[in-house]
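Student: just a sequence and a predicted model for now, questions to come.
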Amino acid sequence: MPIYEYVCGECGNKFEKLASLASAHERQECPKCGKISGERVLSVASLGPSSSGPSYSGSGGGCAPASGFG
């Protein structure tokens with residue numbers, strides 16, 4: 001099951017929750033205030049390596065051929 005991000009409409013708490021695709025759009029219970037007012041929000045994806053994450057040099061393992069096209 002994927003992890004979705006929610007924001008509580010009552011207290012503004014942001015939280016994550018495992019939910020099935022079928023129930024992802026439903027309001028979820030806020031772990032902070034207990035109200036069922038958590039609405040799913042778009043997640044922000046990480047597009048680059050973090051300072052604590054691995055560094056990628058771009059060599060090897062990619063989809064493009066290693067040496068030219070011919």
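Tutor: Looks like it came in fine.

Student: how about the contacts made by Glu10?
Tutor: 30, 33, 35, 37 (C-beta atoms under 8 Å, 6 or more residues apart in numbering). Just so you know, the C-beta spots here come from the backbone N, C-alpha and C atoms, and that holds for glycine as well.

Student: right, and the last one touches Asn13 too?
Tutor: No - no contact is recorded between Ser37 and Asn13 when judged using C-beta atoms under 8 Å, the distance being 9.8 Å.

Student: just the strands in this protein please.
Tutor: 3-8, 14-18, 28-29, 36-41 (DSSP state E).

Student: may I see the buried residues of the second one?
Tutor: Looking back up the chat, that one is strand 14-18. Lys17 (16 or more other C-beta atoms under 10 Å).

Student: nearest residue to Glu29 other than its sequence neighbours?
Tutor: Distance criterion C-beta to C-beta, 6 or more residues apart in numbering; nearest residue to Glu29, sequence neighbours excluded, is Ile36 at 5.0 Å.

Student: surely the one you found touches Gly9?
Tutor: No - with contact defined as C-beta under 8 Å, Ile36 does not reach Gly9; the gap is 9.6 Å.

Student: Throw the strands of the chain into JSON lines and include mean pLDDT, thanks.
Tutor: Formatted as JSON lines, the strands of the chain follow (pLDDT from 0 to 100):
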{"stretch": "strand 3-8", "mean pLDDT": "95"}
{"stretch": "strand 14-18", "mean pLDDT": "95"}
{"stretch": "strand 28-29", "mean pLDDT": "96"}
{"stretch": "strand 36-41", "mean pLDDT": "94"}
